[in-house]
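S.K.: After the sequence you'll find the predicted model.
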Amino acid sequence: MVAVQPDLARIRGVLLDMDGVVYVGDRPLPGVQELLDYLDATGRGWLFVTNNASQRPEQFAEKLAGMGIRACPDRILTSAMATAQWLAAHHPERGPVFMVGMEGLRWALEQAGFALVDDPFQARFVVCGIDFQVCYPRLADATLALRHGARFIGTNGDRSYPTERGIIPGTGSLLALLQAAAGVEPTVIGKPNPGMYEQALQALGTDPGSALMVGDRYETDILGAARLGMATAAVLTGITDRETFERSRPRPDWILPDLPALLAAFQAADRASR
């Protein structure tokens, strides 16, 4: 049975990954603001949905502004925010957290009412996100906390991370190290797991059948959205190459070189629907 490609004209909400879709490191990718302007002009909602847990939404908004991209902090959902919200919903009694991560994760956990501790034997949870300055003593303490019974939570499972210099280790690599050291498997919250998409769709007021996920990484952005019944557009500006997208199942609904090509596809679909 041949799958029927969704109609872009019927899309009412667009979720966009950031690293590898909007920018690579500190280098902006083409066509971002033009696409956002078109989505606004046609009455479509949009939200940046990133597995990057390193910064607060305000910091991401400032980074985007420096690239000429206009986005308020409430247009940005990070895996740190999704993780903190998930943890608060499933553990309303809260509890002390030992964190491996950066300011974005610290901010999200504190906003959700969790106390952060440095003593591994006090921790009820170990929450791990990306940490570009991670050190062995911190990982050792996280391992001790896990071996002492703390629950293991990961913001996302991305094993790699795109930068201007090339591909470097991501959060998933840190999770793998801790899992190997402690013998404990993490619960991972970010894409491709449904919780983060569901939070994003709720923020947009959009159901999966009228939403589009735009991403560069098959195993997170595309696969997770497809499992929820969302349309998917893969761009070739980040991690996954065309050949991998082509042979993947389920295949992305669109495989496009970049965001200008997605904008052109939206414009063509809207013209055809008039």
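M.R.: Happy to help now that I have it.
S.K.: So what's the residue count around the nearest residue to A233 once chain neighbours are set aside?
M.R.: Using C-beta to C-beta, 6 or more residues apart in numbering and skipping the chain neighbours, the partner closest in space to A233 is W254 (4.3 Å). Heads up, the C-betas are built off the backbone N, CA and C, glycines and all. By the criterion of other C-beta atoms under 10 Å, W254 has 19 neighbours.
S.K.: quick one: W254 from G104, how far?
M.R.: W254 is 30 Å from G104, where distance means C-beta to C-beta, to the nearest Å.
S.K.: R147 now?
M.R.: Distance, R147 to G104, by C-beta to C-beta: 27 Å.
S.K.: what number of residues lie near R147?
M.R.: 13.
S.K.: Please report how far the nearest residue to it once chain neighbours are set aside lies from D118.
M.R.: With sequence-adjacent residues excluded and distances taken as C-beta to C-beta, 6+ apart, R147 is closest to A182, at 5.4 Å. For A182, the distance to D118 equals 18 Å [C-beta to C-beta].
S.K.: quick check: mean pLDDT across the helix ranked longest in the chain?
M.R.: Secondary structure assigned by DSSP state H gives helix 259-273 as the longest helix of the chain. Averaging pLDDT along helix 259-273 gives 97.
S.K.: in that helix, what counts as buried?
M.R.: Using 16 or more other C-beta atoms under 10 Å as the test for burial, helix 259-273 gives L259, P260, A261, L262, L263, F266.
S.K.: Show me the strands in the stretch 151-274 of the chain, by range?
M.R.: 151-154, 160-163, 166-169, 187-188, 211-215, 231-235, 254-256 (DSSP state E, counting those that start in this stretch).
S.K.: least reliable of those going by mean pLDDT?
M.R.: Note on the strands of the stretch 151-274 of the chain: lowest mean pLDDT is at strand 160-163, with a mean of 84.
S.K.: If you count contacts, what does it end up packed against?
M.R.: strand 166-169, helix 171-182 (3 or more C-beta pairs under 8 Å, 6 or more residues apart in numbering; DSSP states H and E).
S.K.: Need the contact partners of that strand.
M.R.: Outside strand 160-163, the residues that touch it by C-beta atoms under 8 Å, 6 or more residues apart in numbering are 19-20, 24-25, 130, 167-173, 216, 238-239.
S.K.: Extract the CA atoms of it and return them as PDB.
M.R.: What follows is strand 160-163, C-alpha atoms only, in PDB (Å, rounded to 0.1, in the frame of the first residue of the first chain):
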ATOM      1  CA  SER A 160      25.700  13.500  19.000                       C
ATOM      2  CA  TYR A 161      25.600  17.200  18.600                       C
ATOM      3  CA  PRO A 162      26.200  19.300  15.400                       C
ATOM      4  CA  THR A 163      28.700  22.200  15.700                       C
END
